[in-house]
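Enquirer: How does the following fold in three dimensions:
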Amino acid sequence: MTSDVVHEVSTAAESGAAEPSRLRTVLLGVIAVAVLAIAVSGGYFWGSRGSTDAAKPTAADIGFARDMTAHHQQAVTMAAYVRDNSTDPAIRTLAYDIESSQTLQMGEMTGWLDTWNLTRYDAHPMQWMGAQHASHVVDGLMPGMATPTQMARLLSLHGKALDKFFLQLMIHHHQGGLPMAQFAEQHASASYVRTLAGHIWAAQSSEVIQMEQMLRQRGGSPLAPPQT
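Expert: Got it, this is the predicted structure:
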C-alpha cells in the first residue's frame with residue numbers, strides 16, 4: 001500500500017510539474033498567432049501606401065517579400081522547437097527572440113503581398129537578384145536553408161547536442177539570408193521594403209556574431225558558410 005501511495009504522489013507531482021510547461025507552450029503559441037495577425041495588418045497598411053511610395057512593386061520588392069518569408073518560415077520552425085526543448089536558458093531566450101522577430105517580419109511581408117494581390121509563393125527563388133544568386137538555389141532551397149535531413153536531425157535532438165546543432169544551422173541560415181536582405185535594401189522600390197530589409201540585415205549580422213560566440217563557448221564550431 002505504501003508503494004501505491006508513493007506512486008500516486010509521484011504521478012501527481014510529475015503532472016503538476018508538466019502543467020506549467022504545457023500552459024507556457026500554449027500561451028506562447030497564442031502570442032505568436034497574435035503577433036502574426038498584427039504584423040499582417042501592418043503589412044496591409046504599408047502595402048496600401050504603395051500608390052504614394054511607388055507606382056507598383058518591382059521584382060525586387062516582390063521577390064524579397066516572397067523569398068524572405070519562405071526563408072524565415074524555416075527559421076521559425078527551428079526556433080520554436082528549440083524554445084520548447086532546450087534546457088539552456090540562453091539558447092531558449094535566443095530561440096524565442098528569433099521566433100518572435102521573424103514571425104513579426106513574416107506577417108508584415110505577407111501583408112504586402114496580399115495588398116499587392118500577389119501569391120505568396122515564388123516558383124523561381126532569387127531570380128530577382130540575378131542569375132548568379134539564383135544558381136545557388138538547390139532543390140528549391142535558398143542559401144543557408146537546412147536540408148530535410150538536417151531538419152529531421154534537429155527535431156530529434158535534445159540537450160547539448162540540440163543546442164550546438166541549432167546554433168550551427170541558424171548561423172548558416174542567417175549567413176544565407178544576409179545577401180538577400182542587403183540586395184533588397186539597395187534595390188527595392190518601396191521605402192518600407194528597403195527599411196525592413198535593412199533592419200533584417202542589421203539584426204541578423206549581430207545575431208551571427210552572438211551565435212558564433214555561444215557556439216564556441218559550448219565546444220562547437222560553425223559550418224562552412226553557404227554559397228550566396
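Enquirer: For Glu185, see how far away Met129 is.
Expert: 12 Å (Cβ to Cβ, to the nearest Å). Where you see a C-beta, it was placed from the backbone N, CA and C, and this is true even at glycine.
Enquirer: now do Asp122
Expert: In terms of Cβ to Cβ, Asp122 sits 19 Å off from Glu185.
Enquirer: Any stretches of the protein with poor pLDDT?
Expert: The chain contains residues with pLDDT under 70 at 1-55.
Enquirer: Give me the most central residue, it.
Expert: Ala75 (3.0 Å; Cα atoms, centre = their mean).
Enquirer: Can you say which helix or strand has it in it?
Expert: helix 59-85 (DSSP states H and E).
Enquirer: swap in Thr87?
Expert: For Thr87, there is no enclosing helix or strand under DSSP H and E.
Enquirer: Does Leu178 touch Ala203 like I think?
Expert: No: between Leu178 and Ala203 there is no contact under Cβ atoms under 8 Å: 10.3 Å.
Enquirer: Looking at those two, which one has more neighbours?
Expert: For the pair Leu178 and Ala203, the greater number of neighbours falls to Leu178 (20 against 17), based on other Cβ atoms under 10 Å.
Enquirer: tell me the contacts of that one?
Expert: Trp201, Gln204, Ser205, Val208, Thr228 (Cβ atoms under 8 Å, 6 or more residues apart in numbering).
Enquirer: Let me have those in JSON lines, extended by distance to Leu94 and secondary structure.
Expert: Formatted as JSON lines, these follow (distance: Cβ to Cβ, whole Å; DSSP: H, G, I helix; E, B strand; the rest coil):
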{"residue": "Trp201", "distance to Leu94": "18", "secondary structure": "helix"}
{"residue": "Gln204", "distance to Leu94": "12", "secondary structure": "helix"}
{"residue": "Ser205", "distance to Leu94": "15", "secondary structure": "helix"}
{"residue": "Val208", "distance to Leu94": "12", "secondary structure": "helix"}
{"residue": "Thr228", "distance to Leu94": "23", "secondary structure": "coil"}
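Enquirer: Backbone torsions only: list them for Leu141.
Expert: Main-chain torsions, Leu141, degrees, to the nearest 10: phi -100, psi 120.
Enquirer: ok, so what distance separates it from Pro222?
Expert: For Leu141, the distance to Pro222 - Cβ to Cβ - is 19 Å.
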